[in-house]
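**Student:** What follows is a predicted protein model with its sequence.
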Amino acid sequence: MSNGKSGGFAETLKTVFWAIVIALVIRTFAYEPFNIPSGSMIPTLLIGDYLFVSKFSYGYSRYSLPFSLPLLPGRMLARDPERGDVVVFKLPTDNKTDYIKRIVGLPGDAIQLKDSVIYINGQPVKRDKVEDFVQREGGTVRRVPRYLETLSNGHQYYVLEHTENTVFDSTPVFKVPPGHYFAMGDNRDRSRDSRFLDDVGYVPQVNLVGRAEFLFFSVDGSVWEFWKWANSLRVTRMFSAIH
């Protein structure tokens with residue numbers, strides 16, 4: 001009887017071990033889940049969104065590995081992001097914190113903002129005013145101006161502009177270094193991004209973790225308060241692609 005119990009326990013341990021190995025392989029080389037804790041990417045991504053990031057989109061570096069283990073020199077199977085991709089990257093100023101932003105500038109680009117309009121290599125990004133974004137914060141409802149931006153490659157997405165006269169709505173020219181990218185949040189006046197050179201700055205290719213692909217869960221509130229899910233789940237956002 002005791003041999004049977006020990007044999008069953010060993011099989012359970014083996015099953016758990018291989019389940020962990022498979023999960024780590026998928027997380028490292030295929031897809032990794034992330035959640036959105038801040039509003040810098042509203043309206044594309046909301047606080048409480050949960051998404052999958054494809055780890056293979058741009059190849060692999062040490063930041064693809066658990067705990068950023070220094071086992072990979074540089075980047076293997078490297079591929080460049082496309083302009084407009086929403087990416088997760090390690091914050092260049094500490095190489096630890098995960099950030100998620102949209103790639104606006106590619107290596108060699110000259111990026112500048114003039115009255116909230118992005119200029120890429122001297123050409124303005126097409127921007128059209130659309131219906132306001134309705135934002136609820138506690139018991140307060142606010143309407144925030146929303147625009148549809150269209151990049152030169154045809155990629156379209158929505159951005160918010162709370163105001164158009166902050167110091168970072170009109171900037172000097174940013175010259176993106178080789179092997180780096182210029183990233184911005186869609187919630188333009190509520191985002192710390194590449195415009196803030198001392199905080200974020202240009203994103204090195206090696207710091208890219210992956211491309212945000214699709215949402216698999218979304219809740220307006222604490223994910224652990226499941227008894228509130230009837231009112232807090234954002235069902236229409238689940239399993240939607242990220243553009």
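**Tutor:** Thanks, I have the structure now. Fair warning: this is a prediction, and the values are worked out from it, not measured in the lab. Residues are numbered from 1 along each chain as shown.

**Student:** ok, the residue nearest to the spatial centre of the chain - contacts?
**Tutor:** The residue lying closest to the centre of the chain (C-alpha atoms, centre = their mean) is I100, at 2.7 Å. Neighbour list for I100: F34, I36, S40, M41, L45, V86, V87, V88, F89, A212 [criterion: C-beta atoms under 8 Å, 6 or more residues apart in numbering]. Backbone N, C-alpha and C define where each C-beta goes, glycine included.

**Student:** how about 10 Å then?
**Tutor:** 34, 36-38, 40-41, 44-45, 49, 51, 53, 86-89, 183, 185, 209, 212, 242 (C-beta atoms under 10 Å, 6 or more residues apart in numbering).

**Student:** Check whether it sits in a helix, strand or coil.
**Tutor:** At I100, secondary structure determined by DSSP: H, G, I helix; E, B strand; the rest coil is strand.

**Student:** Can you mark which positions in the longest helix along the chain are buried?
**Tutor:** When the chain is parsed with DSSP state H, its longest helix is helix 2-29. Under the neighbour-count criterion of 16 or more other C-beta atoms under 10 Å, helix 2-29 has R27 buried.

**Student:** which helices and strands does it pack with?
**Tutor:** On a contact count with 3 or more C-beta pairs under 10 Å, 6 or more residues apart in numbering; DSSP states H and E, helix 2-29 meets no helix or strand.

**Student:** what's the following helix or strand after it?
**Tutor:** Moving toward the C-terminus from helix 2-29, the next helix or strand (DSSP states H and E) is strand 31-35.

**Student:** And the strands in this structure?
**Tutor:** Here the chain has its strands, by DSSP state E, at 31-35, 49-54, 86-90, 98-105, 110-114, 117-120, 123-124, 126-137, 140-150, 156-160, 174-175, 180-184, 203-204, 208-218.

**Student:** what about L113, how many residues close to it?
**Tutor:** 22 (other C-beta atoms under 10 Å).

**Student:** Specify the beta-bridge partners of it.
**Tutor:** L113 has the following beta-bridge partners by DSSP bridges: I118.

**Student:** so what's it up against?
**Tutor:** L113 touches 104, 119, 125, 164, 166, 168-174, 184, 188, 195, counting by C-beta under 10 Å, 6+ apart.

**Student:** Buried ones only from these, please, as a PyMOL command.
**Tutor:** To isolate the buried subset of the contacts of L113 in PyMOL, counting by 16+ other C-beta under 10 Å, use the following:
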select buried, resi 104+125+169+174+184+188+195
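
**Student:** between the contacts of L113, which is closest to N231?
**Tutor:** R188 (30.3 Å; C-beta to C-beta).

**Student:** Let me see the contact set for that closest one.
**Tutor:** 40, 113, 116, 118, 147, 159-164, 166, 168-169, 195.

**Student:** Deepest-packed of the strands of the chain, please.
**Tutor:** Mean neighbours per residue, mean count of other C-beta atoms under 10 Å, is largest over those for strand 180-184, with a mean of 25.

**Student:** So what angle separates the directions of that one and strand 110-114?
**Tutor:** 20 degrees (axes from the mean of the first three to the mean of the last three C-alpha atoms, to 10 degrees).
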